[in-house]
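[1] generate coordinates for the sequence data below:
(chains A and B)
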There are 2 protein chains.
Amino acid sequence: MRTLSLTTVLPLLLSLASAQSSDGRPPFQNTTSIPKHYALLLTPSVDPIDIFGPLGVLTGLHMYYTNSTGRVTLSLLAPSLSHSTTNPPLPGLDFGADLVPTVTFDEYLSAHPSTGAGGANASIPPIDVLLVPGGGGTRGNVSREIAFVETIYPSLQHIISVCTGSTILARAGVLDGRKATTNKKAWAWATGFGRGVEYVGKARWVRDGNVWTGSGVSAAIDTTYAFLADVYGEEVSQWVADASEYTRWTDASFDPFAERWNVSDVATPA
Amino acid sequence: MRTLSLTTVLPLLLSLASAQSSDGRPPFQNTTSIPKHYALLLTPSVDPIDIFGPLGVLTGLHMYYTNSTGRVTLSLLAPSLSHSTTNPPLPGLDFGADLVPTVTFDEYLSAHPSTGAGGANASIPPIDVLLVPGGGGTRGNVSREIAFVETIYPSLQHIISVCTGSTILARAGVLDGRKATTNKKAWAWATGFGRGVEYVGKARWVRDGNVWTGSGVSAAIDTTYAFLADVYGEEVSQWVADASEYTRWTDASFDPFAERWNVSDVATPA
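    Below you'll find the model as predicted:
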């Protein structure tokens, strides 16, 4: 056939129209393995920007691209359904917001006995991307969070840590033999975990395979835009940042805070 | 007396030690009218970064300066104590976190019949600083939020809006005759409110007296650091930003998004 029939061309035209909306939204580059289920692990006394920096970026993406990706959901994971708080664990400080977990670790693992790869419970779809934020509570007892990450990591498409959330990944073995970064002000403590980890001092974020580690607090925002650029395309990431009036730092090694807090590369024993 | 006794010098030394901690934290410049009670108004479908950008900055401040300011509290205000959500009001989108309000508008106004200036109910101290974030829900029915802001504004030290939260201030009359800014992508809609408002197109934030209006979403973070610089001192603001690994934009007119979204100054009829 040298000519194209209407039934051949129409779906292509419709697809183009929905991808390129009137305000110039660029289409996703990746259309085969778009994440369908994001989850945030509510660490104790979670830092507000650690969690809502990435969530803000992802909410912007899904708000502007509603119906482009099929149904995408967000879960907030915690050991129990009791409220989590952003209040730092300091005596006399009453300065936090309470958040409502949606799924417990046990509920998720019961639904996915093969660590998330299955779909035994359709009401809880398998997690594709897990975000692990930090905050003052990561210095306390986070043994349940560590065990959950250790169990679930092999079934994930991507895992993203922010700030001292890296210590949970490291203690779960996820960073073993990898390059990573973490909070610069808490560097001495936070680089003490994991086997054979190459902690990069001058890094806004580090990607090693499907493991993304962000630096301290606000760096989470740039880390998430870098993740968007990789998964959905650079133009999509920039468009969402423009809509959010955010001036991105797109160079992973842009890190004035390494010098500010006087940190150097650290390698942990293998 | 030409010599100083130990009882004279010791309190000064202790005061210096607490103000200048070992990691070089600069002391507050303002020690006479430090805000004691911050409140976030949980607008419907509140944008995650609108609310947690400022909250992250303020949490960092109070975490690092615990006990420097006496007891500081945060309230989350809403029409009822039902959970609020960050999920945008779009069909088929299930991508939000639920937040727990701590005080209703009515509870606050009952405790402070003279619009917050009194202290009739010691369990709810008067609000010093009110943050009004935006989000998709500001396009719906926000009549209760507008009425609350109209009532409480005269008793506040400062009010800070983020993104389309400005429309609540404008509809409450707070912006009448003032300069202000708002979300650049929603400019045509968001600049339609208030009497004699001079909306500044190229502005990351605008301060007019005790009214701070931030531009879209992420600009909230820079707006809050500018507020910190004004109230607590520039060195304190920079120190908190460094600890949070945030590269501030300190020029209120730095705004590439005015051109990006093609906005111009707007003046509303008086």
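[2] now the end-to-end length of stretch A:187-204.
    The straight-line separation of the ends of stretch A:187-204 (C-alpha to C-alpha, to the nearest Å) is 13 Å.
[3] what comes up buried for it?
    Across stretch A:187-204, burial judged by 16 or more other C-beta atoms under 10 Å in any protein chain shown covers A:187, A:190-191, A:193-194, A:197-204. The C-beta positions use only the backbone N, C-alpha and C, and glycine is treated the same way.
[4] then stretch A:95-112?
    So stretch A:95-112, judged by 16+ other C-beta under 10 Å, has buried residues A:95-105, A:107-109, A:111-112.
[5] same deal with stretch A:32-42?
    Buried-residue list, stretch A:32-42, by 16+ other C-beta under 10 Å: A:34-42.
[6] show me which of those residues neighbour chain B.
    A:38, A:40 (C-beta under 8 Å from any C-beta of the partner chain).
[7] nearest to residue B:26 among the buried residues of stretch A:32-42?
    Nearest to residue B:26, judged by C-beta to C-beta, of these is residue A:42 at 32.8 Å.
[8] right, and the closest one touches residue A:84 too?
    Yes - assessed by C-beta atoms under 8 Å, residue A:42 is found in contact with residue A:84 at 4.1 Å.
[9] and for these two, which residues touch both?
    Residues touching both residue A:42 and residue A:84 comprise A:76, A:78, A:99, A:101, with contact defined as C-beta atoms under 8 Å, 6 or more residues apart in numbering or on different chains.
[10] so for the strand or helix carrying residue A:240, what's the average pLDDT?
    Here residue A:240, judged by DSSP states H and E, is contained in helix A:234-243. Averaged across helix A:234-243, the pLDDT comes to 97.
[11] for it, output the C-alpha coordinates as CSV.
    What follows is helix A:234-243 as a C-alpha-only set of coordinates in CSV (Å, rounded to 0.1, in the frame of the first residue of the first chain):
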residue,chain,number,x,y,z
GLU,A,234,14.3,16.0,29.8
GLU,A,235,11.6,18.2,28.2
VAL,A,236,8.9,16.8,30.4
SER,A,237,11.0,17.4,33.5
GLN,A,238,11.8,21.0,32.5
TRP,A,239,8.2,21.7,31.6
VAL,A,240,7.0,20.6,35.1
ALA,A,241,9.8,22.7,36.7
ASP,A,242,8.7,25.7,34.7
ALA,A,243,5.1,25.2,35.8
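[12] got the contact list for it?
    With C-beta under 8 Å, 6+ apart as the test, helix A:234-243 has contacts from A:24-29, A:57, A:60-61, A:64-65, A:225-226, A:228-229, A:247-248, B:185, B:216-218, B:257, B:260-261.
[13] so which residues of the stretch 51-200 of chain A form strands?
    Using DSSP state E, counting those that start in this stretch, the strands of the stretch 51-200 of chain A run over A:73-78, A:84-85, A:98-100, A:103-104, A:129-132, A:158-161, A:179-180, A:198-199.
[14] paired strands for the fourth one, with orientation please.
    Going back to what we said before, that points to strand A:103-104. Partners of strand A:103-104 in the sheet, by DSSP bridges, are strand A:73-78 (parallel).
[15] what does the fifth one give?
    Note on strand A:129-132: by DSSP bridges, its sheet partners are strand A:37-41 (parallel), strand A:158-161 (parallel).
[16] surely residue A:138 is in contact with residue A:161?
    No - Residue A:138 lies out of contact with residue A:161 (C-beta under 8 Å); the separation is 10.1 Å.
[17] anything in contact with each of the two?
    Common contact partners of residue A:138 and residue A:161 (C-beta under 8 Å, 6+ apart): residue A:168.
[18] ok, back up a step: in the shared contacts of residue A:42 and residue A:84, find the pair that's most separated.
    Within the shared contacts of residue A:42 and residue A:84, A:78 and A:99 form the most distant pair, 8.7 Å apart (C-beta to C-beta).
[19] okay, and the common contacts of these two?
    Counting by C-beta under 8 Å, 6+ apart, the shared contacts of residue A:78 and residue A:99 are A:42, A:84.
[20] in the stretch 1-150 of chain A, which spans are helices?
    Along the stretch 1-150 of chain A, the stretches classed as helices by DSSP state H, counting those that start in this stretch are A:6-19, A:48-64, A:105-111, A:143-152.
[21] quick one, which of those helices is packed in tightest?
    Most buried of these, by mean neighbour count (mean count of other C-beta atoms under 10 Å in any protein chain shown): helix A:48-64, with a mean of 27.
[22] then that helix to PDB, C-alphas only?
    C-alpha atoms of helix A:48-64 as PDB (Å, rounded to 0.1, in the frame of the first residue of the first chain):
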ATOM      1  CA  PRO A  48       9.000  18.200  55.500                       C
ATOM      2  CA  ILE A  49      11.100  19.100  52.400                       C
ATOM      3  CA  ASP A  50      12.600  15.600  52.300                       C
ATOM      4  CA  ILE A  51       9.100  14.200  51.700                       C
ATOM      5  CA  PHE A  52       7.200  17.000  50.000                       C
ATOM      6  CA  GLY A  53       9.900  18.200  47.700                       C
ATOM      7  CA  PRO A  54       9.800  15.000  45.800                       C
ATOM      8  CA  LEU A  55       6.000  14.700  46.300                       C
ATOM      9  CA  GLY A  56       5.500  18.200  45.000                       C
ATOM     10  CA  VAL A  57       7.400  17.400  41.800                       C
ATOM     11  CA  LEU A  58       5.600  14.100  41.300                       C
ATOM     12  CA  THR A  59       2.200  15.700  42.000                       C
ATOM     13  CA  GLY A  60       2.900  18.400  39.400                       C
ATOM     14  CA  LEU A  61       3.900  15.700  36.900                       C
ATOM     15  CA  HIS A  62       0.700  13.700  37.400                       C
ATOM     16  CA  MET A  63      -1.500  16.700  37.700                       C
ATOM     17  CA  TYR A  64      -0.400  18.100  34.300                       C
END
